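Participant: predicted structure and sequence below. I'll ask about it afterward.
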2 protein chains.
Amino acid sequence: MTLPSKVQINEEGPREGFQFEKHHIPTQRKIELVDSLSKTGLNQIQVASFVSPKAVPGMADAAEIVEGFTAAPGVTYLALWLNDKGFERALPFKGKISLLGSVTLCASEPFLKRNQNRTMEENIAGVDASLAKYREQGVPVERGGLMAAFGCNFAGDIPVGHVVSMVDQAKSLVQKHDYTLKTFTLADTMAWATPQSIKRVVGAVQDKYPDLGIILHLHDTRGMGIANAYAGLEMGVTRFDAAVGGLGGCPFAGHKGAAGNVTTEDLVFMCEEMGIDTGVNLELLIESANLAEDIVGHPLPGSVKLGGSLRRLREKLKAA
Amino acid sequence: MTLPSKVQINEEGPREGFQFEKHHIPTQRKIELVDSLSKTGLNQIQVASFVSPKAVPGMADAAEIVEGFTAAPGVTYLALWLNDKGFERALPFKGKISLLGSVTLCASEPFLKRNQNRTMEENIAGVDASLAKYREQGVPVERGGLMAAFGCNFAGDIPVGHVVSMVDQAKSLVQKHDYTLKTFTLADTMAWATPQSIKRVVGAVQDKYPDLGIILHLHDTRGMGIANAYAGLEMGVTRFDAAVGGLGGCPFAGHKGAAGNVTTEDLVFMCEEMGIDTGVNLELLIESANLAEDIVGHPLPGSVKLGGSLRRLREKLKAA
């Protein structure tokens, strides 16, 4: 099996992490993390989410974060929103952050209810209205995604056929507004995936839509994150979401314990050691991970920040 | 790629874990963990190591542990030793523990020096003398192994050809004493392996010795443990060492941070979710992992003990 020669990593630590932490974190420290990540070679960083401050108090300062960080050349900065209200809060920052619309569906109705307080039908209608709004505002839409694509704590296993039909739906919705879907995120929101189900689901979507760029968004709640990423690489997937230090988790997934995204520096370590170019300087990224840990004030799950990079060890051995 | 239908997991948590912890743990609590593991369906448990009490104070009570636990039918109990002195301390417990000799070599001379204070030559001579002793005592020898097979913090990368030639050496040594090597452990002692190097090294050994049963011993120091196990499964490997909760680490590997073995319950979770039979009851194993955490008195790295089993979630959803 040939692995890809290059991957694109979307850093989501600032957004994933600060929405999840229960105690107050000063805005300035959130900005400090974004600025640190900007120096690592990561070229796409999601900095904040414009969501309800009542539901997600840790992101009440989304606007201040976006205002405060220093944009580095060559880095795309993104923000998340889940409805029109959020989109309108993000709109004034067009330019500093790339306002890219997306179509996000959810494979599980009970999770959709908890996460966005919408039924499937309401969600489709909401997405349709958002697309109209994006068109009106001249916001490009190339990205789609599906939450709970591999299983759900509230709905159980998700049949592969259901995932493919949700991709169909996303494609039709986007086409209706004269956009074209270029990438599609399969999100293992509640960590049900195994390397085998990654291969099964990714394979089914690739079979039907060979030109659609699949992005894997992998939560590490059951320790499968890196193995699932490896299975993705074996399927030719070249785009991954990840969070520095393993920050974060979804506040509505109903987990205890480490529910964060796959750890960026562990993913970079695996890729680089297998000869896959990430464009990231692992040593600088480990510094960012240590900073993230200092900011949240508790141990984060990532391993490589403790185990250390092998490149550094090899240099030390060569010099000795 | 077809995955195996069944795997054999060798539980090494009690030995790996208690040799690593720096504070005193009462013997009775170590015994409690062994007894708990005996009820999970695990059928091979390494309970202690007869090593120098000066070098590894946490295993000074090896004899008391072996005396104290309650052997369950159908479970093989093992102990580790690294030299004749250790073997002699284990000998009186023949019957309660299975005294199986083995030939353990090391791919890295500097690590061998730190771990066993031997040169390569001294180690070969020592192993040769041990084999003579095993023959004399009627102890069967079917197992070989290689430490640092995927890389070493003190010697760097290990060429695949070197690994294969060390397997050759182990085979010759064993044959000289009229034994036959049936299994061979490739140990990633210092966590240098990636899924790619697992496939490369396992493949090279399989090519030369297709009848030799490969055992993978994977440390999780850089977060690759489960991904490396998956790569092993893809190569048809059906035997894995693992440690409940992710206990342990090698006291001489020179790491900070989580240096433990791949976590048993995470490995069981992955296998069972992919339809690979482990013979283990995951819910009972999670209870053992929680007990292990209570005994060592600090968080252990395993994820599934926090994320929970999916089987239990599925049952809950079905009942609702």
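Facilitator: Good, I have the coordinates. Numbers count the residues shown, from 1 in each chain, chains lettered A, B, ... in the order given.
Participant: tell me the mean pLDDT over stretch A:302-319?
Facilitator: Regarding stretch A:302-319, the rounded mean pLDDT is 92.
Participant: and if you look at stretch A:261-275?
Facilitator: Stretch A:261-275 comes out with an average pLDDT of 97.
Participant: ok, the strand or helix carrying A:Ala229 near chain B or not?
Facilitator: Using DSSP states H and E, A:Ala229 sits in helix A:225-234. Yes. Helix A:225-234 is in contact with chain B by Cβ under 8 Å from any Cβ of the partner chain, via A:226-227, A:229-231. C-beta here means a position set from N, CA and C on the backbone, and glycine is covered the same way.
Participant: may I see the buried residues of that helix?
Facilitator: By 16 or more other Cβ atoms under 10 Å in any protein chain shown, the buried positions in helix A:225-234 come out as A:225-234.
Participant: with stretch A:100-108 instead?
Facilitator: A:101-108.
Participant: quick check: nearest residue in space to A:Phe69, chain neighbours excluded?
Facilitator: A:Val34 (4.1 Å; Cβ to Cβ, 6 or more residues apart in numbering or on different chains).
Participant: is it correct that that neighbour falls within a helix?
Facilitator: Yes. Per DSSP: H, G, I helix; E, B strand; the rest coil, A:Val34 lies within a helix segment.
Participant: thought A:Ile45 was touching it, still the case?
Facilitator: Yes. The pair A:Val34 / A:Ile45 is scored as a contact, 6.4 Å apart, by Cβ atoms under 8 Å.
Participant: distance from the chain centre to stretch A:155-171, please.
Facilitator: 19 Å (Cα atoms, centre = their mean, to the nearest Å).
Participant: then stretch A:226-236?
Facilitator: Distance of stretch A:226-236 from its chain centroid, counting by Cα atoms, centre = their mean, is 16 Å.
Participant: about what we covered before: which strands and helices lie in contact with the helix holding A:Ala229?
Facilitator: Counting contacts by 3 or more Cβ pairs under 8 Å, 6 or more residues apart in numbering or on different chains; DSSP states H and E, helix A:225-234 is packed against helix A:195-208, strand A:213-218, helix A:264-273, helix B:225-234.
Participant: average pLDDT across it?
Facilitator: For helix A:225-234, the per-residue pLDDT averages 98.
Participant: next structured bit after that helix?
Facilitator: strand A:239-242.
Participant: now the helices for the stretch 1-150 of chain A?
Facilitator: Along the stretch 1-150 of chain A, the segments classed as helices by DSSP state H, counting those that start in this stretch run A:13-20, A:27-37, A:62-68, A:84-90, A:109-116, A:120-137.
Participant: give me the angle between the last one and helix A:109-116.
Facilitator: When you say that, I think you mean helix A:120-137. On the basis of axes from the mean of the first three to the mean of the last three Cα atoms, to 10 degrees, helix A:120-137 is oriented at 50 degrees to helix A:109-116.
Participant: list the buried ones in helix A:120-137?
Facilitator: A:120, A:123-124, A:127, A:130-131, A:133-134.
Participant: the nearest residue to A:Val244 once chain neighbours are set aside: neighbour count?
Facilitator: Among residues not flanking A:Val244 along the chain, A:Gly13 sits closest, at 3.8 Å (Cβ to Cβ, 6+ apart). For A:Gly13, the neighbour count with other Cβ atoms under 10 Å in any protein chain shown is 30.
Participant: and the pLDDT at A:Gly13?
Facilitator: A:Gly13 carries a pLDDT score of 95 in this model.
Participant: against chain B, how distant is A:Pro295?
Facilitator: Just to correct that, residue A:295 is Ile rather than Pro. 19 Å (Cβ to the nearest Cβ, to the nearest Å).
Participant: now do the contacts for A:Arg118.
Facilitator: Contact analysis of A:Arg118 by Cβ atoms under 8 Å, 6 or more residues apart in numbering or on different chains lists A:112, A:126.
Participant: of the residues of helix A:225-234 next to chain B, closest to B:Arg239?
Facilitator: For the residues of helix A:225-234 next to chain B, the closest approach to B:Arg239 (Cβ to Cβ) belongs to A:Ala227, at 18.2 Å.
Participant: could I get the buried residues of helix A:120-137 as JSON lines with pLDDT?
Facilitator: As requested, the buried residues of helix A:120-137 are arranged in JSON lines below (pLDDT from 0 to 100):
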{"residue": "A:Met120", "pLDDT": "95"}
{"residue": "A:Asn123", "pLDDT": "95"}
{"residue": "A:Ile124", "pLDDT": "95"}
{"residue": "A:Val127", "pLDDT": "94"}
{"residue": "A:Ser130", "pLDDT": "93"}
{"residue": "A:Leu131", "pLDDT": "96"}
{"residue": "A:Lys133", "pLDDT": "93"}
{"residue": "A:Tyr134", "pLDDT": "94"}
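Participant: want to throw these into JSON lines with distance to chain B?
Facilitator: What follows is the buried residues of helix A:120-137, written out as JSON lines (distance: Cβ to the nearest Cβ, whole Å):
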{"residue": "A:Met120", "distance to chain B": "18"}
{"residue": "A:Asn123", "distance to chain B": "21"}
{"residue": "A:Ile124", "distance to chain B": "24"}
{"residue": "A:Val127", "distance to chain B": "27"}
{"residue": "A:Ser130", "distance to chain B": "31"}
{"residue": "A:Leu131", "distance to chain B": "33"}
{"residue": "A:Lys133", "distance to chain B": "36"}
{"residue": "A:Tyr134", "distance to chain B": "36"}
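Participant: which other helices and strands contact the helix or strand of chain A with the lowest mean pLDDT?
Facilitator: Within chain A, no helix or strand scores below helix A:13-20, which has a mean of 88 by mean pLDDT, DSSP states H and E. Under the contact criterion of 3+ Cβ pairs under 8 Å, 6+ apart, helix A:13-20 touches helix A:27-37, strand A:44-50, helix A:282-296.
Participant: and it, how far out from the chain's middle?
Facilitator: Here helix A:13-20 is found 10 Å from its chain centre; the criterion is Cα atoms, centre = their mean.
Participant: now the angle between strand A:213-218 and it, please.
Facilitator: 40 degrees.
Participant: residues touching helix A:13-20, excluding its own?
Facilitator: Contacts for helix A:13-20 (Cβ under 8 Å, 6+ apart): A:25, A:30, A:33-34, A:37, A:45-49, A:51, A:56, A:58-59, A:65, A:79-80, A:242-245, A:247-251, A:259-261, A:264, A:292, A:296.
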